[in-house]
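J.: below is the sequence, then the predicted model.
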Amino acid sequence: MARLTVRQLFNQWQQTDLSPRRGADGRRLGRKDGGEYVQEQFQRRVFPELGDRPVRDVKRADLMAVLDAIKAEGKMTTANRVFADLNQMLRFALKRELIDRNPLDTITRRDIGGPEAARERVLDPTEVLALAVALGEAKMSRRSEVAVWLILATGCRISEAMSARWEHVDLVKSKWHLPETKNERVHTIHLSTFAVHQFEVLAEIRDAEAAEKRKKDPSIKASIWVFPSADASTSVCPKSFGKQLADRQRPTTRRLKNRAKRTESLILSGGRWTAHDLRRTSATMMARLGVSGDVIDECLNHMIESRVRRTYVRDRRESEQVKAFDALGAHLAALLPGHSGVDVA
């Protein structure tokens, strides 16, 4: 056990702490992806240098060298995340007496990537209109194009969109049920006419793909996922969708090998934007339409900060949410007339 390597420690940490499970109180523990993201980061940045090194032999200088290499790439946020995960893994080892001390115990985020400024990016109406034109030239999949409008119309998180299942979508009642959310607060989104249209487009894509596959195998069924992976065995990874957007917001000189060629196709006048910025844009649009802050919080399924309010106030303001989503959908439909896949009759 004394010669346990960094890679072996990671595997033990992942199986014990990162795997998703339920605690005695019913709350979700671990990480939703089972530590897949942190594993990818470690395989790329930590294991090549330290993976086969005995944990007890790893010094602070070794870990700082790994983190400094990430900082040298200008990726401060990534440096902070890798630092946090390394620290958590080493604390796991310390509690189990696999190491005598945590080499990072005197290091803070300020020593790594520094404090992270909260993003405030919001797309203004002219950028939303420009985005409709840009998506037609970006050569993304049709599903990915529609995902942009679905997130904007519902204010959902990217992970919620990518993991959506058809069994939870009711286009007759204009409802999208989210049984699994980031804050473990079950949520139901009212679908405006605009949002329903996006799901209808996605349903057409699903049915067309299933019909094509049935030509070879009549037993093939349509995917249960709204955004299925290539083999339809699971849903698309949210980070994959995020990369599609990021890869199309690069100068041509920074195009990554074997990635999107139209690197500048989604660049907007206000600068770099992400899928989460679409969620923030949805909230901002609602506010500008006169929707109150507490209703917007319910529409976006924000966790109520006050524990007392969470315990005693159970009104989710459903009727106000319906009005807010319908107002947002009508605003988007009016803002985006005449664009294929976006216009709503």
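T.: Arrived safely, thanks for sending.

J.: show me where the protein has helices.
T.: Counting by DSSP state H, the segments of the chain that form helices are 6-13, 36-45, 47-50, 60-72, 76-95, 125-135, 142-154, 158-162, 193-214, 238-247, 275-288, 293-299, 307-312, 318-335.

J.: can you give me the distance of the residue lying closest to residue 20 once chain neighbours are set aside to residue 14?
T.: Spatially, and ignoring its direct neighbours in sequence, residue 20 is nearest to residue 30 (4.4 Å; Cβ to Cβ, 6 or more residues apart in numbering). Where you see a C-beta, it was placed from the backbone N, CA and C, and this is true even at glycine. In this structure, residue 30 lies at 9 Å from residue 14, with Cβ to Cβ, to the nearest Å as the measure.

J.: which one of these two has more residues nearby?
T.: Each of residue 30 and residue 14 had its neighbours counted (other Cβ atoms under 10 Å), and the higher figure belongs to residue 14 (20 against 17).

J.: for residue 138, which non-adjacent residue is closest in space?
T.: The shortest distance from residue 138 to any residue other than its chain neighbours is 4.0 Å, reached at residue 265 (Cβ to Cβ, 6+ apart).

J.: surely residue 178 touches residue 184?
T.: No: counting by Cβ atoms under 8 Å, residue 178 does not reach residue 184; the two are 10.9 Å apart.

J.: these two: which is more packed in?
T.: Between residue 178 and residue 184, counted using other Cβ under 10 Å, the more crowded position is residue 178 (21 against 10).

J.: that one and residue 112: what is the separation?
T.: Between residue 178 and residue 112 the computed distance is 34 Å (Cβ to Cβ).

J.: also residue 188?
T.: Summarising the geometry, the distance separating residue 188 from residue 112, computed by Cβ to Cβ, is 40 Å.

J.: count of neighbours near residue 280?
T.: If you count neighbours by other Cβ under 10 Å, residue 280 ends up with 18.

J.: should've said residue 177
T.: Residue crowding around residue 177 was assessed by other Cβ under 10 Å; the count is 14.

J.: also residue 319?
T.: Residue 319 is surrounded by 10 other residues when neighbours are defined as other Cβ under 10 Å.

J.: and it, what's its pLDDT?
T.: The model reports residue 319 with a pLDDT of 92.

J.: residue 261 now?
T.: Confidence score, pLDDT, at residue 261: 67.

J.: before we move on, what about residue 265?
T.: With respect to pLDDT, residue 265 scores 91.

J.: is it true that it touches residue 131?
T.: No: the pair residue 265 and residue 131 fails to qualify as a contact (Cβ under 8 Å) at a distance of 10.5 Å.

J.: let me see the backbone angles for the closest residue in space to residue 174 that isn't next to it in sequence.
T.: Counting by Cβ to Cβ, 6+ apart, the nearest residue to residue 174 once its immediate chain neighbours are dropped is residue 191, at 4.3 Å. The phi and psi values for residue 191, taken as degrees, to the nearest 10, are phi -100, psi 120.

J.: what about residue 191, neighbour count?
T.: For residue 191, which is what you asked about, the neighbour count (other Cβ under 10 Å) is 25.

J.: spit out the contact partners of it.
T.: 154, 171, 174, 175, 176, 199, 325 (Cβ atoms under 8 Å, 6 or more residues apart in numbering).

J.: run through the bridge partners of the residue nearest to the last one when sequence neighbours are not counted.
T.: Sequence neighbours aside, residue 190 is the residue nearest to residue 325 in space, at 4.6 Å (criterion: Cβ to Cβ, 6+ apart). In this structure, residue 190 has beta-bridge partners residue 175, where bridges are defined by DSSP bridges.

J.: wait, residue 190 touches residue 320, no?
T.: No: with contacts counted by Cβ under 8 Å, residue 190 stays clear of residue 320, the gap being 10.2 Å.

J.: now the phi/psi pair for the residue nearest to residue 32 when sequence neighbours are not counted, please.
T.: Take residue 32 and drop its neighbours on the chain: the residue closest to it by Cβ to Cβ, 6+ apart is residue 20, 5.8 Å away. The main-chain torsion angles of residue 20 are listed as degrees, to the nearest 10 and equal phi -70, psi 140.

J.: distance of residue 20 relative to residue 299?
T.: Residue 20 sits 27 Å away from residue 299, going by Cβ to Cβ.

J.: between the two, point out the one with more neighbours.
T.: Taking other Cβ under 10 Å, residue 20 and residue 299 do not tie; residue 299 has more neighbours (26 against 12).

J.: need the contact list for that one.
T.: Each residue near residue 299 by Cβ under 8 Å, 6+ apart is listed here: 155, 189, 283, 286, 291, 321, 324, 325.

J.: mind doing that once more with 10 Å?
T.: Applying Cβ atoms under 10 Å, 6 or more residues apart in numbering, we find residue 299 in contact with 154-156, 187, 189-190, 282-283, 286, 291, 316-317, 320-322, 324-325, 328.
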